[in-house]
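>>> Provided below are the primary sequence and the corresponding predicted coordinates.
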Amino acid sequence: MSTNFYLSINASLFLAILCSRLIFLASASSAGREVLRVSKDYELLEMVPHDTSSFTQGLTYYNGHIYEGTGLEHQSHIFQHDPSDSMTTLRRIPLAPANFFGEGIAYYYIWANDGGDNMRKEHRLIQLTWKNKRGFIYSLDDGGNPKKNDSQSENSSHLKVIREFDYDTVTGEGWGITFLPHTNEFYISDGSHFLSVWDAESLDLKRKIPVKFERKVMVDGELTSESLDVDYINELEFVDFETGGDGTTDRDSGEEGVCSNDDTECNDDTSSPHKQSMRILANVWYQDLIISIHPETGEVERVYDFRDLYPIEQRQKDGADVLNGISLTGAMNGGSEDGVELWITGKLWPNMYRVRLKQHAT
């Protein structure tokens, strides 16, 4: 994506958001755990190395590992990293065809018939591309635990492409994607102010949600509301602030999950409404911010300021690009006072950061 898009409406929009939002003050420690640095909207918990040649387009978590999708033609890959070992890379899978430009990725699962009387939970990863209008689905069903120095085993089904699909969006581009397990849907960004909602099995478009920020302004001496479109929504991550996860209870199991066809546990309750604590987190292209979006209304309810995480002045000296990459870490807060933990990085950044957001205000 050309950096010329940066010269747009977002600078003034998010200045207004930052000026109007509530700021939650931080304490120097939380639950007795070490905090490297305290900021207005987050606590920095850990910093690990990141490949400065990786043009990061998206992060996602499954079974103790962080998966990273990168972009640029002839440089796009899917990486599997081990966060317990300083984010050591275990697998590196090139996108094919090589001239495709990789974009956002997301972990998800489906229930599939095993050919008998049982249903089996299949773990998968989905990847978008920028302007190619082609997506890829990869298998994650072998648990994803390669032996060290054996990360490219030909016998492994992990990260093998099992399906390709065509799609279209408002702009004709693919940017970010995230999975909502309780509704069995994907939310997709495309650089516009819309989030497209797809059925997770058919990949059919179900609806489009405009993302807006509402602020109070004075007009002719009277206080009124002004609704602003939020363009350039990029990387997405669905979270439940009550649990610190996303409602996918077995992301850490690596198991297939088997049950009988008449077992109600085989069928996720897709009719249940979104809980009050559920939000879509998104970063906005060329802004060092993460916004919290209501998944039904599209309203931006909070903005998290990450301008001091890796300041733009230092990035310019280092040759690094924009913030882009949000993933859950697998840590669950169990409804405690702790906020959601995330891994965050950016395009060509030298580090990946584990942070804890301040508790969401509901």
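Structure received.
>>> okay, and for the stretch 201-350 of the chain, where does confidence drop off?
Confidence mapping of the stretch 201-350 of the chain against pLDDT under 70 gives the ranges 247-272, 333-338.
>>> who does the residue most central in space within the chain form a beta bridge with?
Most central in the chain under Cα atoms, centre = their mean is Glu237, positioned 3.1 Å from the mean C-alpha point. In this entry, Glu237 is beta-bridged to Leu281, by DSSP bridges.
>>> ok, it - contacts?
Each residue near Glu237 by Cβ atoms under 8 Å, 6 or more residues apart in numbering is listed here: 59-60, 178, 246, 280-282, 326-328, 342. Any C-beta I mention is one placed from the backbone N, CA and C, and that applies to glycine too.
>>> can you redo those residues as TSV with secondary structure?
Below are those laid out as TSV (DSSP: H, G, I helix; E, B strand; the rest coil):
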residue	secondary structure
Leu59	strand
Thr60	strand
Thr178	strand
Asp246	coil
Ile280	strand
Leu281	strand
Ala282	strand
Ile326	strand
Ser327	strand
Leu328	strand
Leu342	strand
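>>> JSON lines please, covering the residues you listed and showing neighbour count and distance to His274.
Converted to JSON lines, those look like this (neighbours: other Cβ atoms under 10 Å; distance: Cβ to Cβ, whole Å):
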{"residue": "Leu59", "neighbour count": "26", "distance to His274": "23"}
{"residue": "Thr60", "neighbour count": "29", "distance to His274": "20"}
{"residue": "Thr178", "neighbour count": "30", "distance to His274": "13"}
{"residue": "Asp246", "neighbour count": "21", "distance to His274": "12"}
{"residue": "Ile280", "neighbour count": "25", "distance to His274": "10"}
{"residue": "Leu281", "neighbour count": "24", "distance to His274": "14"}
{"residue": "Ala282", "neighbour count": "27", "distance to His274": "16"}
{"residue": "Ile326", "neighbour count": "24", "distance to His274": "19"}
{"residue": "Ser327", "neighbour count": "28", "distance to His274": "20"}
{"residue": "Leu328", "neighbour count": "26", "distance to His274": "17"}
{"residue": "Leu342", "neighbour count": "26", "distance to His274": "20"}
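>>> touching, Met278 and Pro295? I think so.
Yes. Between Met278 and Pro295 there is a contact at 6.0 Å, judged by Cβ atoms under 8 Å.
>>> what's the closest non-adjacent residue to Gly346?
Distance criterion Cβ to Cβ, 6 or more residues apart in numbering; nearest residue to Gly346, sequence neighbours excluded, is Leu323 at 4.3 Å.
>>> contact partners for that neighbour?
283, 287-288, 306, 309-310, 344-346 are the contacts of Leu323 under Cβ under 8 Å, 6+ apart.
>>> same thing but 10 Å
56, 234-235, 283-290, 306-307, 309-310, 312, 315, 344-347, 349, 353 (Cβ atoms under 10 Å, 6 or more residues apart in numbering).
>>> report the buried members of the residues you listed.
The neighbour-count test (16 or more other Cβ atoms under 10 Å) marks 56, 234-235, 283-290, 306, 309-310, 315, 344-347, 349, 353 as buried among the contacts of Leu323.
>>> please flag which of those residues sit within strands.
In strands, defined here by DSSP state E, the members of these are 56, 234-235, 283-284, 289-290, 344-346, 353.
>>> looking at these, which is nearest Val161?
Of all those, Val161 sits closest to Thr56, with 20.7 Å by Cβ to Cβ.
>>> where does the prediction get shaky in the stretch 1-150 of the chain?
Checking the stretch 1-150 of the chain against pLDDT under 70 turns up 1-33, 142-150.
>>> tell me where it has strands.
Assigned by DSSP state E, counting those that start in this stretch, the stretch 1-150 of the chain shows strands spanning 37-38, 42-49, 56-62, 65-70, 77-82, 88-94, 102-113, 118-129, 134-139.
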